[in-house]
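In: Got a predicted structure here, sequence first:
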Amino acid sequence: MSIKPLVIGVTMGDPAGIGPEITTALLAERVHEKEVRAVLIGCAKTVEETARRKGLNVSIRRHEVLKRNELRSGGIDVYDPDVFDGTLVQPGDISKEAGEASMLYNRQGAELAMAEEIDGLVTSPVTKASAKMAGYDYPGQAEYFAELAGGVEFSTIMIWQNFKAALFTTHTPLIDACRAVKKDNLLKKIRYLHQNRFALGLPNLRLAVAALNPHAGEFGTMGREEEDEIEPAISIAQSEGISVDGPFPVNALISPPYNGRDYDLTLALYHDQVVSRMNMNETTTLTFGLPFIRTSVGHGSALDIAGNDVADHGALATTYDHTVNLALSRQNSKIFSQ
């Protein structure tokens, strides 16, 4: 069985933010890669202008139609059906036009991924205010991608270095996140992660569940959620053959030097339980459950420095590398499951 070279799509993000700078800089660094080919999804004119301004001596190849077998190393490939001229957007501005462009690039990336023209999609920062002005009123990009994929259920997974954590709740007030810690809810999430382990590239997934209360409740003296809700959910999952353990006190699971112990994935019960542990400049967010790999960086569109060519593309490079590894794992998992 021959394996096709990987193709990773990278959206430009908000053309009024630092997206054009960091995406152009990243792809300019990767033009000579042979086994992985990158495609920038955005405005070719903006890429050309950004490369010229940054003094990058690199060819820009615009594709109105993208076919993965036609991609070659040696230049920046840009998928641009010429729907939107990003050079008309002013750096640093919040506008309907910038929002429309940002979400257009997301939609084009999702279409390419679902058509299997790319093996993974890295999404650059979008300015929510601009997207909302354009009529896209979603809590985050993940909800939009889930809708594009047919309203699928998804889970947010954070990746920092070798530590991976799934979020039981995401952008939820802490009091509501605690109330959500019920046996049935937890069991549903544990089953979901187990059933989708091949898509994550972890066919032999071993899952650890974090505790909610200090010291995992200390036998019910510091809260009863562990004994009444979390432990019963884990016990049922184990009886179904799912490899899951816990609940572990956070200081013995997530905090250094543990970093998830030797488990493949940690289930964190609320957003800051794990996010506060990570360096967001080195963290990748994976929208797990989509029919394709979609990742995003941990920072925003940085409108205040847009157009000044001072933005660091290191976080995007880390997310790109994570996406390549995820695509390789998924490719190997498909072979493993056949």
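Out: Nice, thanks for sending it over.
In: Mind checking what secondary structure Met278 has?
Out: Put simply, Met278 is coil when judged by DSSP: H, G, I helix; E, B strand; the rest coil.
In: could you pull out the helices for the stretch 151-300 of the chain?
Out: Using DSSP state H, counting those that start in this stretch, the helices of the stretch 151-300 of the chain run over 174-179, 183-195, 197-200, 225, 231-239, 271-275.
In: and those helices, which is most packed in?
Out: helix 225 (a mean of 23; mean count of other CB atoms under 10 Å). For glycine as for every other residue, the C-beta is placed from the backbone atoms N, C-alpha and C.
In: For the residue lying closest to Leu290 once chain neighbours are set aside, give me the pLDDT.
Out: Nearest non-adjacent residue to Leu290, counting by CB to CB, 6 or more residues apart in numbering: Ala149, 5.1 Å away. Predicted confidence (pLDDT) for Ala149: 96.
In: buried residues in the helix or strand hosting Ile22?
Out: Assessed by DSSP states H and E, Ile22 sits inside helix 19-29. Neighbour-count burial for helix 19-29 flags Gly19, Pro20, Glu21, Ile22, Thr23, Thr24, Ala25, Leu26, Leu27, Ala28 (criterion: 16 or more other CB atoms under 10 Å).
In: Is it correct that the second one is in contact with Ala44?
Out: If I follow you right, that is Pro20. No. With contacts counted by CB atoms under 8 Å, Pro20 stays clear of Ala44, the gap being 11.1 Å.
In: Pull the contacting residues for Ala113.
Out: Contacts here follow CB atoms under 8 Å, 6 or more residues apart in numbering; on that basis Ala113 touches Gly9, Asp119, Gly120, Leu121, Pro291, Phe292, Ile293, Arg294.
In: Could you list the low-pLDDT ranges of the stretch 1-150 of the chain?
Out: Across the stretch 1-150 of the chain, the stretches falling below the confidence threshold (pLDDT under 70) are 1-3.
In: all helices of the stretch 1-150 of the chain, in order?
Out: Under DSSP H, counting those that start in this stretch, the stretch 1-150 of the chain gives helices at 19-29, 44-53, 96-114, 128-133, 141-148.
In: Tell me which of those is the most buried.
Out: The stretch of the helices of the stretch 1-150 of the chain with the highest mean neighbour count (mean count of other CB under 10 Å) is helix 19-29, at a mean of 25.
In: so that helix versus helix 44-53, what angle?
Out: With axes from the mean of the first three to the mean of the last three CA atoms, to 10 degrees as the basis, helix 19-29 and helix 44-53 are set at 70 degrees to each other.
In: Skipping adjacent residues, who's closest to Gly217 in space?
Out: Residue nearest to Gly217 in three dimensions, not counting chain neighbours: Glu226, with 3.9 Å by CB to CB, 6+ apart.
In: Tally up the residues packed near the one you found, please.
Out: 25 (other CB atoms under 10 Å).
In: shouldn't it be in contact with Ala210?
Out: No. Using CB under 8 Å, Glu226 makes no contact with Ala210, being 10.2 Å away.
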